[in-house]
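>>> okay, structure incoming, though there's no sequence with it:
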């Protein structure tokens, strides 16, 4: 059993590039996989490994002294849900694409999961799902507005076109782990909206802490790892993923004549070039051949296999 740790914190990291080196070294040593993003504005990502390894990572961050307010969500996975380790340097740890939006200076009111139902049950509250359309499609809170965005960068444009009518109402927003809402509420505050709220810890914390019998969440929550989606108590959900477009798919959709494993699904069928389809088919062929040999074709372990083969052939 592996521990999955989603974490983020907005904190000024003037040395984020330098900090990435000891962080990466530690993650490699602990055999932790996943992705961490570092920027001047902070740290964000999801990683997985043994419980002991995750504990050591968090101890390392605590010892640094700047990460005293990490927002952390834990869940479990039967297998390691990531194939690689990535430590990336970015302009933003969550990309809104608007300069000078700083959640450390101004942000919406945090609402704990235990108090969320009461807020969104108020008829005077406008509830907005700040996630992408494919995330909304597999689960959301009852009555939530879907902005129909494909990326978080589209949120400022959406808000300018659609939220002015709600300027004098309470606006409640939510996202997967809480970080997109930190930015979206900070953005709305910068635009003069005063009554802005967001779910602290995001949907993941809500599904962890709120009993299903009292839940206002319908469906599952998309996560950015090989589990694809989780449900209440953060148990793995029923969705698989199309490895061409990366969107979640159901078992029924996999029976559709437009589905080809590793190549396309009903959603992305007809949207890829012949060259792309050929590449996807070759990739899937290599994945299946590697699996038959008991090896991995994708990820850090695959590189280890390939290097070992090269050494053996010399």
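Noted; the coordinates are in hand. Treat the numbers as computed from the prediction; the structure is a model and nothing was measured.
>>> now name the helix or strand holding residue 4.
Element membership for residue 4, per DSSP states H and E: strand 2-10.
>>> adjacent strands (with direction) for that strand?
Strand 2-10 pairs in its sheet with strand 42-49 (antiparallel), strand 71-77 (antiparallel), by DSSP bridges.
>>> tell me the most buried of the ones you listed?
Neighbour counts (mean count of other C-beta atoms under 10 Å) averaged over each of those peak at strand 42-49, with a mean of 23. Where C-beta positions appear, they are placed from N, C-alpha and C, glycine not excepted.
>>> I'd like the next helix or strand past it.
Per DSSP H and E, strand 42-49 leads on to helix 51-64 as the next helix or strand towards the C-terminus.
>>> ok and that following helix relative to strand 71-77, angle-wise?
170 degrees (axes from the mean of the first three to the mean of the last three C-alpha atoms, to 10 degrees).
>>> report all helices and strands that helix 51-64 contacts.
The contact analysis (3 or more C-beta pairs under 8 Å, 6 or more residues apart in numbering; DSSP states H and E) places helix 51-64 against strand 2-10, helix 16-29, strand 42-49.
>>> 10 Å instead?
strand 2-10, helix 16-29, strand 42-49, strand 71-77 (3 or more C-beta pairs under 10 Å, 6 or more residues apart in numbering; DSSP states H and E).
>>> tell me the buried residues in the longest one?
By neighbour count, with 16 or more other C-beta atoms under 10 Å as the criterion, the buried positions of helix 16-29 are 16, 19-20, 23, 27.
>>> which parts of the stretch 51-200 of the chain are strands?
Ranges of strands in the stretch 51-200 of the chain, per DSSP state E, counting those that start in this stretch, are 71-77, 85-89, 109-111, 125-129, 139-141, 170-174, 196-199.
>>> out of those strands, which comes closest to residue 186?
With C-beta to C-beta as the criterion, residue 186 lies closest to strand 196-199 of the strands of the stretch 51-200 of the chain, at 8.9 Å.
>>> partner strands of the closest one and their direction?
Partners of strand 196-199, by DSSP bridges, with direction: strand 109-111 (parallel), strand 170-174 (parallel).
>>> now do the buried residues in the helix or strand following it.
The helix or strand immediately downstream of strand 196-199 is helix 202-209, counting by DSSP H and E. By neighbour count on 16+ other C-beta under 10 Å, the buried set for helix 202-209 is 202-208.
>>> buried residues, stretch 112-129. List them.
113, 116-117, 120, 125-129.
>>> show me which pair in those residues is furthest apart.
Between any two of the buried residues of stretch 112-129, the greatest separation by C-beta to C-beta is 19.5 Å, found for 113 and 126.
>>> hang on, the earlier thing: where among the strands paired with strand 2-10 is average confidence lowest?
Per-stretch mean pLDDT for these is lowest at strand 71-77 (a mean of 94).
>>> tilt between that strand and helix 202-209?
Orientation check (the same axes, to 10 degrees): strand 71-77 against helix 202-209 gives 60 degrees.
>>> could you shift the numbering so residue one becomes 53, and keep it that way?
All set: I'll call the first residue 53, so the last point we hit is now strand 123-129.
>>> just to revisit the earlier point, turn the strands paired with strand 248-251 into CSV, including mean neighbour count and mean pLDDT.
Shown next, in CSV, are the strands paired with strand 248-251 (neighbours: other C-beta atoms under 10 Å; pLDDT from 0 to 100):
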stretch, mean neighbour count, mean pLDDT
strand 161-163, 16, 96
strand 222-226, 24, 97
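>>> which residues sit in contact with the residue nearest in space to the middle of the chain?
Closest to where the C-alpha atoms of the chain average out (C-alpha atoms, centre = their mean) is residue 276, at 4.4 Å. Listed by C-beta atoms under 10 Å, 6 or more residues apart in numbering, the contact set of residue 276 reads 58, 86-87, 97-98, 133-134, 187, 228-229, 298.
>>> now the buried residues of stretch 164-181 in a markdown table, please, with extra columns for pLDDT and distance to residue 328.
Formatted as a markdown table, the buried residues of stretch 164-181 follow (pLDDT from 0 to 100; distance: C-beta to C-beta, whole Å):
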| residue | pLDDT | distance to residue 328 |
| --- | --- | --- |
| 165 | 97 | 41 |
| 168 | 98 | 42 |
| 169 | 98 | 44 |
| 172 | 97 | 41 |
| 177 | 97 | 44 |
| 178 | 97 | 40 |
| 179 | 98 | 38 |
| 180 | 97 | 34 |
| 181 | 97 | 30 |
